[in-house]
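# Pasting the sequence and the predicted model now:
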Amino acid sequence: MKMSHQTSLAIWDVPSPLVRHRASKLKVGVKCSAGCCLTGQSIEIRDEAGAIVTGGELERNPWHGTSALYWAEVEVPDPAHEGTCSWSAQFMPTGALAAHEGASLGFNLLVVKPPEHGVLVRVIEKDTRAGLENAEVRLGVYKARSDRSGCARMEVPTGTYHLDAWKPGYQAAAKSVDVAGNVTVQLEVAAVPEA
């Protein structure tokens, strides 16, 4: 009896958060356990109810740096509502590859309203008052990295957000920020003494 080949899925470049009414893409990769060529096979993305919302065909060449991860870049349609959506990628081989096993992989999308305001966060070192470069700044679900002057820019809808920053060797004084228009916020971080 001939054994079927197993397949596995990977998903990356998932937009986070996904902004409603804004074009977005993600990537889906499929690999056969025996390294078979999967060029031209179809990928489907399904919503919580199992309905197909988008899809694509696997590219001719494997993903760079791999020998057999065939991939597709897929347009993400505008979800019906804001909040968390639980979708899945599906691979069901056809034609000459029909003996392969299919695969499925679930993933979540966080869907938010379109941005209304610009927020500039300046991350400064508490003692020196200098801008802190390359800090990861989080404003609610939104993320950015600070530039050389310590500034990180984000676009968000109206709301109240938890603001925090992270960089190895530093601790931030997190705070709440009300955003009802364009705003500039300063966030202090303190160097943490080495143990």
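On my side now, so go ahead.
# contacting residues for Ser88?
If you count contacts by Cβ atoms under 8 Å, 6 or more residues apart in numbering, Ser88 has them with Ile45, Arg46, Ser104, Leu105, Gly106, Phe107. No exception for glycine: its C-beta is placed from N, CA and C like everyone else's.
# of these, buried ones?
With burial judged by 16 or more other Cβ atoms under 10 Å, the buried subset of those is Ile45, Arg46, Leu105, Phe107.
# For the protein, name the helix or strand with the lowest mean pLDDT.
Least confident helix or strand of the chain, by mean pLDDT, DSSP states H and E, is strand 18-19 with a mean of 90.
# Pop the domain breakdown of this structure in here.
The chain resolves into domains spanning 7-112, 117-191 when parsed by automatic domain parsing.
# just how off-centre is the first one within its chain?
Relative to its chain's centre, domain 7-112 lies at 14 Å (Cα atoms, centre = their mean, to the nearest Å).
# right, and out of the buried ones among the contacts of Ser88, which lies closest to Thr7?
Of all the buried ones among the contacts of Ser88, Leu105 has the smallest distance to Thr7: 10.6 Å, by Cβ to Cβ.
# excluding its backbone neighbours, what's nearest that closest one?
Nearest residue to Leu105, sequence neighbours excluded (Cβ to Cβ, 6 or more residues apart in numbering): Leu9, at 4.0 Å.
# residues in contact with the nearest residue to Ala174 once chain neighbours are set aside?
Once flanking residues are discounted, Ala174 sits nearest to Asp164: 4.2 Å by Cβ to Cβ, 6+ apart. Asp164 sits next to Val137, Arg138, Ala172, Ala174, Leu187 when contact means Cβ under 8 Å, 6+ apart.
# One more pass at 6 Å, please.
By Cβ atoms under 6 Å, 6 or more residues apart in numbering, the contact list for Asp164 reads Arg138, Ala172, Ala174.
# host element of it?
Per DSSP states H and E, Asp164 falls inside strand 159-166.
# Work out the sheet partners of the next helix or strand after that strand and label each with its direction, please.
Downstream of strand 159-166, the first helix or strand assigned by DSSP H and E is strand 170-172. Strand 170-172 has the following sheet partners, assigned by DSSP bridges: strand 183-191 (antiparallel).
# orientation of the strand it pairs with relative to strand 159-166 in degrees?
In terms of direction (axes from the mean of the first three to the mean of the last three Cα atoms, to 10 degrees), strand 183-191 departs from strand 159-166 by 30 degrees.
# List the buried residues for strand 183-191?
Val185, Leu187, Glu188, Val189.
# Turn those into a markdown table, including pLDDT and distance to Val76.
Below are the buried residues of strand 183-191 laid out as a markdown table (pLDDT from 0 to 100; distance: Cβ to Cβ, whole Å):
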| residue | pLDDT | distance to Val76 |
| --- | --- | --- |
| Val185 | 97 | 30 |
| Leu187 | 96 | 31 |
| Glu188 | 95 | 37 |
| Val189 | 95 | 34 |
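# Of the residues you listed, which is the nearest to Gly35?
Val189 (47.5 Å).
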